[in-house]
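In: when you get a sec, could you give me coordinates for this:
(2 chains)
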Protein chains: 2
Amino acid sequence: MAEHGPVVGEMSEAAVLQAILGRLGPSPVPVGPGDDAAVLDAGDGRIVATVDTLVHGPDFRLAWTSGYDLGWKAAAVNLADVAAMGARPTALLVALALPAGTALAFVTAVADGLRDACAALAPGCTVAGGDLTVSQTLTVAVTALGVLDGAAPVLRSGARAGDVVALAGDAGVAARGLQILFDRFRDGAGRPVPVDAQQLSADDAHAVAQQLRPAPHIHLGPVAARAGATAMMDVSDGLALDASRLAAASAVTLDLHTAALGDDPALALSGGEDHALLATFPSDAVLPEGFRPIGRVRAAGDDRLSVDGSPYTGHTGWDPYRDGGTAGG
Amino acid sequence: MAEHGPVVGEMSEAAVLQAILGRLGPSPVPVGPGDDAAVLDAGDGRIVATVDTLVHGPDFRLAWTSGYDLGWKAAAVNLADVAAMGARPTALLVALALPAGTALAFVTAVADGLRDACAALAPGCTVAGGDLTVSQTLTVAVTALGVLDGAAPVLRSGARAGDVVALAGDAGVAARGLQILFDRFRDGAGRPVPVDAQQLSADDAHAVAQQLRPAPHIHLGPVAARAGATAMMDVSDGLALDASRLAAASAVTLDLHTAALGDDPALALSGGEDHALLATFPSDAVLPEGFRPIGRVRAAGDDRLSVDGSPYTGHTGWDPYRDGGTAGG
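Out: I've put the predicted structure just below:
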């Protein structure tokens, strides 16, 4: 980062906050940033709430991820969890923990990314509150809240034998993007170096963008709920692992069809971070536009997941405590 | 910490999560932990939401703070922000970022502290969701949600000239506790060492406990709202600084009376982290039990805050970006 201008350690909390709020623009909620807590409309008397954290090192590297990308991704991954309940996101609360040497320009870029991801992926959703602290490790914890507009939440546990398994969004593209970053944008000592877009084909650039700035189909969450989805979840840790989780919650077996998983089914099954929506629908349902069939729900067998009728034996995706490093860069 | 047993870096995320959920017990919310997001009742169609983060180094030191204390305090400070809106806390979402070497026993103690603080301070409030990540810096970000039960939220901006300024809870006690820790429980190199309770008088032990395990009067938030509080806030950064903020939001001047601020008014004004409720009430209101008058609201003068009628010139409390260090310990 060759950032110029003030760093947050030279500023008061109020001044940093003011700079952030200036980028976010007005929030339409009943009580927005500035009081002890926000007050939000909860529509039909229920609220959907989730939290997800991005930590420097295991979740992003600053050589690859700009402040804007970080804000965008922190919003997108949480919006996807709200959508996966069949809900419409309405507000984010953002807890930023910043090293004292963080450039103010980086922080305002995070705010820009949060704002733009909401505007692009979940119009009407805004940052309604947050918290600023100092930390040795740059950390962004985002809470996303949403409303169900009268619908029942779509849980992981509702899949039934005979249902169609469907996916909205990519599988494996973000993982290919991460692989490109690791393979081609590190120095001799293995440290991340900035991405040179000139070196990337259009396909590779798309994969890298999906890793750094994912754009899940948030609006399809409520659409799937209205179309009768019996179960749904956000695919964050890889299709195989997350499909197994849905199958376990529903006490069924999911059979996925490699013919529906693109050119590299192994990568589609193992690669995480695309934040596609995985849903099951009754066999006679018309799949909403944006969803494509990728398999079928079976009665519970010996395995939670099968592929083309055979038990899945490949890599099952990302587990931060098993796979993660905490190195920076 | 002389912890024994497994550390989280040797375990799967699912196993760590299961150990935590085992300590929390069942959550009465419509959809609790285990899906993409929680679903919560929002009573009258509005929800109050806040987030606050505790970071190892600036916010706590592990030599002084047990896992139980950390969970308790992370809950308490967020419950206080909900109460300060006049709301009743109903659910917490907890984002834990843990170094891989963190003992599982420490993590389950955090869960115990979260559970017990909710039970003691805000019965009916439970942990409804959360997130686990790895980080080099131990960080606990808690989102607290609450309901207004039909009442209007009590903002910082409603104080009017003539109102009584009232406080529920201590002022300066937690700061004295922190001073005792810094003065008496560090080694020759300035590093924190565990607290030896034998060395503490009952008064000092109380101050240290208030710093490590604060017990704000959460139930008095809704009580104050029903009693007609015109403005309210949680005193986290010191009475002088937070009273100035309330005065600025309300475009008034607050005059505080040292006679009502105990034996050490200077410490009561500057010391943060007691999480008392600062509220203003119409002059003819009967103060609810638990609140005591500490001053009067005046029309806006040259200063936001005066003490016994004179401009306040003392230390104005804690600002993490001005005062904070990020050293561990």
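In: residue contacts, A:Leu104?
Out: Counting by C-beta atoms under 8 Å, 6 or more residues apart in numbering or on different chains, A:Leu104 touches A:Gly5, A:Pro6, A:Val7, A:Val8, A:Met11, A:Val16, A:Ala19. All C-beta spots, glycine's among them, are computed from the backbone N, C-alpha and C.
In: give the contact list for the residue nearest to the last one when sequence neighbours are not counted.
Out: Spelled out, that is A:Ala19. Closest residue to A:Ala19 apart from its sequence neighbours, by C-beta to C-beta, 6 or more residues apart in numbering or on different chains: A:Thr108 at 5.4 Å. Going by C-beta under 8 Å, 6+ apart, A:Thr108 touches A:Ala19, A:Ile20, A:Gly22, A:Arg23, A:Gly67.
In: how about the residues you listed, which pair is most distant?
Out: The most widely separated members of the contacts of A:Thr108, counting by C-beta to C-beta, are A:Gly22 and A:Gly67 (14.9 Å).
In: those two - which one has more neighbours?
Out: A:Gly67 (22 against 10; other C-beta atoms under 10 Å in any protein chain shown).
In: ok, and the closest non-adjacent residue to the more buried one?
Out: Excluding the flanking residues, the one nearest A:Gly67 by C-beta to C-beta, 6+ apart is A:Ala109, at 3.1 Å.
In: what's the first helix or strand after the one helix or strand that neighbour maps to?
Out: A:Ala109 is located in helix A:104-121, with elements delineated by DSSP states H and E. Downstream of helix A:104-121, the next assigned helix or strand under DSSP H and E is strand A:126-134.
In: relative to the helix or strand that that next one is followed by, what are the paired strands and their orientations?
Out: Next along the chain after strand A:126-134, taking DSSP H and E as the criterion, comes strand A:139-147. Here strand A:139-147 is paired, per DSSP bridges, with strand A:46-55 (antiparallel), strand A:88-98 (antiparallel).
In: closest to A:Asp302 out of these?
Out: strand A:46-55 (32.3 Å).
In: so A:Val297 sits right up against A:Ala161, yeah?
Out: Yes - with contact defined as C-beta atoms under 8 Å, A:Val297 reaches A:Ala161; the gap is 5.6 Å.
In: of those two, who's got more company?
Out: Higher neighbour count among A:Val297 and A:Ala161: A:Val297, with 25 against 14, using other C-beta under 10 Å.
In: do you know how far that one is from A:Met233?
Out: 14 Å (C-beta to C-beta, to the nearest Å).
In: do A:Leu92 as well
Out: For A:Leu92, the distance to A:Met233 - C-beta to C-beta - is 20 Å.
In: repeat that for A:Ala166.
Out: In terms of C-beta to C-beta, A:Ala166 sits 12 Å off from A:Met233.
In: overlap in contacts of the two?
Out: Residues touching both A:Ala166 and A:Met233 by C-beta under 8 Å, 6+ apart: A:Leu278, A:Ala279.
In: how near is A:Ala120 to A:Asp112?
Out: 12 Å.
In: tell me which parts of the stretch 101-250 of chain A are close to chain B?
Out: Proximity of the stretch 101-250 of chain A to chain B (C-beta under 8 Å from any C-beta of the partner chain) is limited to residues A:128-137, A:139, A:141, A:143-146, A:148, A:153, A:155-157, A:232-234, A:249.
In: pLDDT below threshold where in chain A?
Out: Applying pLDDT under 70 to chain A flags residues A:1-3, A:316-329.
In: contacting residues around the most centrally placed residue in it?
Out: In chain A, the residue lying closest to the centroid (C-alpha atoms, centre = their mean) is A:Val77, at 1.9 Å. Neighbour list for A:Val77: A:Asp52, A:Leu54, A:Val142, A:Pro214, A:Asp234, A:Ser236, A:His275 [criterion: C-beta under 8 Å, 6+ apart].
In: between these, which sits nearest B:Asp81?
Out: A:Val142 (17.5 Å).
In: wait, the closest one touches A:Leu92, no?
Out: Yes - with contact defined as C-beta under 8 Å, A:Val142 counts as touching A:Leu92 (5.6 Å).
In: give me the common contacts of these two.
Out: By C-beta under 8 Å, 6+ apart, A:Val142 and A:Leu92 have these common neighbours: A:Ala75, A:Asn78, A:Leu114.
In: thanks a lot, see you next time.
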